[in-house]
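> can you look at this prediction? I've put the sequence above it.
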Amino acid sequence: MISVEEALEKVLGYVDVLEAEEAPVLEALGQVLAKDIVSDIDIPPLDNAAMDGYAIKADDARGASEQSPRFLRVIDTVSAGTISQREVTPGAAIRIMTGAPVPGGADSVIRFEDTDEAQRRSPDKDEIGILCEVKPGLNIRRAGEDIARGTVVLRKGTVLRPAEIGVLASLGMSTVKVIRRPVVAILATGNELVDIDRPLPAGKIYNSNTYSVAALVRRYGGIPRILGIALDSEDSLLAKLRQGLDADMLITSGGVSAGDYDMVKDVLASEGEITFWTVRMKPGKPLAFGTLKGMDREGSPRRIPHLGFPGNPVSSMVTFELFARPAMLKMMGKKNLTKPMVEAVLEEPVANTDGRRVYVRAIVTRRDGQYYASPTGPQGSGILTSMSLANGLVIVPEDTAGAKAGEKVKVLLLGWDDEDTI
Ligand code: AMP
Ligand code: MG
């Protein structure tokens with residue numbers, strides 16, 4: 001049985017970074033930039049006012065105070081989005097709103113609060129009293145101070161977060177070149193499974209894996225393609241699998257154990273190649289991985305990575321986090337493939353009975369600068385609500401008999417507050 005690390009290395013060895021595509025800028029959230037972004041404009045494009053006030057010459061305010069205001073002629077008003085045709089000459093001022101381009105001749109903007117505007121009646125509005133001295137450049141945002149024309153604003157390889165989406169929009173870019181999202185085909189297997197929009201006959205269960213896995217695919221930025229349910233027969237499996245062979249990755253759940261109807265491995269062996277089966281972990285031991293003969297977007301032959309997850313709902317989710325997620329992220333051109341890991345104090349003992357690496361669903365909290373991890377209760381790999389309660393997985397190493405309460409353990413964080421988003 002291979003270790004989790006060996007298994008991950010093999011999976012990653014079979015996946016490559018996907019091609020770039022032009023995507024609408026908002027759709028590209030969470031995707032990786034495929035080329036440097038160079039600005040062909042200055043942002044802001046012109047010197048403009050940082051405050052509502054008056055554009056003046058700083059010289060004209062010399063000696064001004066509340067007791068002895070300097071009076072200037074108001075020759076124009078300019079609001080954001082318009083350009084004044086007038087020039088600020090000595091003794092003149094132009095009323096200006098935040099964001100409006102600074103008129104020619106002015107070297108500073110004095111805010112309303114530092115003028116006598118509030119005390120004035122409308123007949124006096126052709127004149128304004130300046131109540132303090134100003135330094136040249138006051139309240140002026142310089143052209144290009146955010147982004148100067150010709151500079152690289154964002155580097156190839158950058159993951160686009162909301163701030164980067166905003167920066168691209170500020171450059172007037174409605175589309176952007178990014179590494180495309182992987183299409184992940186998802187197939188559930190099992191004679192006992194029923195689609196979630198059907199009544200539940202006796203002896204059957206609803207197919208939940210398809211939906212937890214599809215949700216994970218979407219959460220990490222991929223495009224799930226749901227293939228439905230295959231029966232536990234080679235014919236049914238093959239027919240369904242064939243519908244997913246143009247995807248970038250194929251995930252099946254169920255049918256990889258040692259039971260009579262577990263034929264996913266056999267089909268993988270006959271239609272492709274098995275790279276490994278069984279990993280030294282719990283849950284998730286019967287994980288199978290290999291490649292199937294598929295085709296690329298142009299219809300040319302290629303091998304498509306296939307992860308055969310164990311059917312137990314928790315096993316499917318844990319193996320997704322450990323293997324499918326890094327594979328997807330690599331395809332998307334991301335460099336950081338691991339979830340955050342923290343050290344936490346274990347609040348209840350956990351056992352390790354058979355030398356595998358155990359992933360214990362846990363509730364992780366942070367109190368007084370220290371992380372604590374408390375197991376969610378019964379850890380059966382069929383108890384999906386244990387995943388729902390958990391925000392982390394405590395890692396119990398394979399070569400130990402478990403961990404005691406109070407011991408420090410490593411915990412993989414599945415989600416932490418608003419980092420839950422893609
Ligand atoms: P298997 O790996 O096929 O032996 O399945 C292990 C357990 O997981 C069995 O109890 C199955 O009924 C259950 N199971 C398999 N596939 C699914 C699924 N898609 N949704 C919910 N439970 C499943
Ligand atoms: Mg089964």
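All right, it came through fine. Ligands and ions are numbered 1, 2, ... in the order given.

> list the contacts of the residue nearest to Val345 when sequence neighbours are not counted.
In space, and not counting its chain neighbours, Val345 is closest to Tyr372: 5.1 Å by C-beta to C-beta, 6 or more residues apart in numbering. In this view, the C-beta of every residue, glycine as well, is placed from N, C-alpha and C. Neighbour list for Tyr372: Ala344, Val345, Glu347, Val364, Thr365, Arg366 [criterion: C-beta atoms under 8 Å, 6 or more residues apart in numbering].

> element containing Tyr372, please.
Per DSSP states H and E: Tyr372 is located in strand 370-375.

> which residue does the stretch 51-200 of the chain bring closest to ligand 1?
Closest to ligand 1 within the stretch 51-200 of the chain is Ala188: 3.7 Å, counting by C-beta to the nearest ligand atom.

> what about the residue nearest to Val345, distance to Gly166?
Counting by C-beta to C-beta, to the nearest Å, the separation of Tyr372 from Gly166 is 37 Å.

> how far does the longest strand along the chain sit from its chain's centre?
In the chain, taking DSSP state E as the definition, the longest strand is strand 357-367. Offset of strand 357-367 from its chain centre (C-alpha atoms, centre = their mean, to the nearest Å): 23 Å.

> that one pairs with which strands, parallel or anti?
Strand 357-367 has the following sheet partners, assigned by DSSP bridges: strand 281-282 (parallel), strand 370-375 (antiparallel), strand 392-396 (antiparallel).

> Leu389 against Gln379, yeah?
No. If you go by C-beta atoms under 8 Å, Leu389 and Gln379 don't touch, sitting 11.2 Å apart.

> need the residues touching each of the two.
With C-beta under 8 Å, 6+ apart as the test, Leu389 and Gln379 both reach Arg361.

> nearest to ligand 1: which residue in this protein?
Taking C-beta to the nearest ligand atom, ligand 1 has its nearest neighbour within the chain at Gly311, 2.4 Å off.

> in TSV: the strands paired with strand 357-367, plus distance to Glu21.
Converted to TSV, the strands paired with strand 357-367 look like this (distance: least, C-beta to C-beta, whole Å):
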stretch	distance to Glu21
strand 281-282	35
strand 370-375	39
strand 392-396	34
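
> need the winner for burial among those.
Highest mean neighbour count of these: strand 392-396, a mean of 24 (counted as mean count of other C-beta atoms under 10 Å).

> next SSE after it?
Once strand 392-396 ends, the next helix or strand along the chain (criterion: DSSP H and E) is strand 402-403.

> direction included, what does that next one pair against?
Within its sheet, strand 402-403 is paired with strand 350-351 (antiparallel), according to DSSP bridges.

> so what's the residue count around the closest residue to Leu46 other than its chain neighbours?
Sequence neighbours aside, Pro101 is the residue nearest to Leu46 in space, at 4.3 Å (criterion: C-beta to C-beta, 6+ apart). Residues lying near Pro101 (other C-beta atoms under 10 Å) number 20.
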